[in-house]
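K.L.:
how would this look folded up:
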Amino acid sequence: MENRWLIGVDVGGTKIEAMALDGERGVQGYGKVGTPQGSPQDLIRGIQSATAQALEAAGGWPEEIRAIGVGIPGQVQEGVVRLAVNLGLRDFPMAEALRAIWNRPVRVENDVRVAARGAYRLLSSQRAFRRLVYLSIGTGVAAAALLDGEPEVGADHLAGEIGHVVVEPDGPLCACGGRGCLEALVSGPALVQQALEVIRMDPSTRLAQMHPLDAPAIYRAAREGDETAQRLIDRTARYMALAIQWLGLTWDPEVLVIGGGLTAEGEAFLEPLRRALVHQRGASRVGGELFHSPDRIRLMPPSTRVALWGAVELAKRLAG
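P.N.:
Reported below is the predicted structural model:
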């Protein structure tokens, strides 16, 4: 059989998605499963299942796989997941485990760097640029900086883990074990936790009637006029604006791309963030130079599948 399928896998905190791409014909197939909460072996089985779905949808067979690229949240070094706090992984040889299953080349990278590769692939096809910063806000929070399509990884492969920068030293507990991390204040689960605290104090809020209570439900309540929900969103936007300022002044990118689950809210997500950035900038002349053009900040909602395209790019490089 001809080895023609490039496989991209995006491992998230709540779901695993896979894409099968035939580079010659452009045929695509997709698969999705919930992220197993258990052992590393359970996670591997989830990746297998999503990949099998993608191949079946595309009309392919496992024997026809050429190479596999995988994005996974956390600290990843040479195919080993050193630390993934939201998945409970530590020093797990992910690439080796997947190679043993398919007997094909496998490359594993941090999921945000993989998504940044996908965003660069998409946007650079529209216009030429060199510097891109990608900020992911969903179950977790992290960033990646790319120069000419290649991400900065850092000495210990921790570059971009801004979700664990402490913003409020006495703030809420983060999954990493610290307190007041950015991720514990602006991620989807953090927004839900804040809403639960509000409901306990004010059961009359519209949020108490939202079932299930998740981040989309909080945005929906705000659109329906619930002031409490809007205050939560505005508070989250202020912290996000801080992160964007840090990234902008550190890397000075031509474009800053925001991805992750919360971007599915579109303008309801972006408009409070724009207001927060303007307020934060104030009369600062330095701040006024930062993202002075509206198209310097772009949303990449989940429908663009940048993480999958970035993972396929990894597979393509392995395949040669």
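K.L.:
how about the helices in the chain?
P.N.:
Assigned by DSSP state H, the chain shows helices spanning 40-58, 94-102, 111-124, 183-186, 188-201, 215-223, 227-251, 267-281, 285-289, 306-319.
K.L.:
Need these in a markdown table (columns: mean neighbour count).
P.N.:
For every residue, glycine as well, the C-beta is placed using N, CA and C. Below are the helices of the chain laid out as a markdown table (neighbours: other C-beta atoms under 10 Å):
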| stretch | mean neighbour count |
| --- | --- |
| helix 40-58 | 19 |
| helix 94-102 | 17 |
| helix 111-124 | 25 |
| helix 183-186 | 25 |
| helix 188-201 | 17 |
| helix 215-223 | 20 |
| helix 227-251 | 18 |
| helix 267-281 | 16 |
| helix 285-289 | 11 |
| helix 306-319 | 24 |
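K.L.:
Export these as a markdown table, with columns for distance to residue 154.
P.N.:
A markdown table is the format used below for the helices of the chain (distance: least, C-beta to C-beta, whole Å):
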| stretch | distance to residue 154 |
| --- | --- |
| helix 40-58 | 24 |
| helix 94-102 | 19 |
| helix 111-124 | 11 |
| helix 183-186 | 18 |
| helix 188-201 | 25 |
| helix 215-223 | 29 |
| helix 227-251 | 13 |
| helix 267-281 | 26 |
| helix 285-289 | 25 |
| helix 306-319 | 18 |
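K.L.:
out of those, nearest to residue 80?
P.N.:
Closest to residue 80 of those, according to C-beta to C-beta: helix 94-102, at 6.9 Å.
K.L.:
picking up where we left off before, among the helices of the chain, single out whichever gets nearest to residue 174.
P.N.:
Of these, the one closest to residue 174 (C-beta to C-beta) turns out to be helix 183-186, at 4.0 Å.
K.L.:
distance of the closest residue to residue 221 other than its chain neighbours from residue 197?
P.N.:
Ranked by C-beta to C-beta, 6 or more residues apart in numbering and with sequence neighbours excluded, the top spatial neighbour of residue 221 is residue 229, at 3.9 Å. Remark: distance between residue 229 and residue 197 (C-beta to C-beta, to the nearest Å) = 13 Å.
K.L.:
And for residue 45?
P.N.:
Counting by C-beta to C-beta - residue 45 and residue 197 are separated by 36 Å.
K.L.:
looking at the helices of the chain, which one has the lowest mean pLDDT?
P.N.:
Among the helices of the chain, helix 285-289 carries the lowest mean pLDDT, a mean of 80.
K.L.:
Show me what it is packed up against.
P.N.:
Here helix 285-289 is seen to pack against helix 267-281 when contacts are counted using 3 or more C-beta pairs under 8 Å, 6 or more residues apart in numbering; DSSP states H and E.
K.L.:
quick one: residue 158 and residue 223, what's the gap?
P.N.:
37 Å.
K.L.:
Contact partners for the residue nearest to residue 196 when sequence neighbours are not counted?
P.N.:
What sits nearest to residue 196 in space, not counting adjacent residues and going by C-beta to C-beta, 6+ apart, is residue 213, at 7.1 Å. By C-beta atoms under 8 Å, 6 or more residues apart in numbering, residue 213 lies in contact with 192, 195-196, 199, 207.
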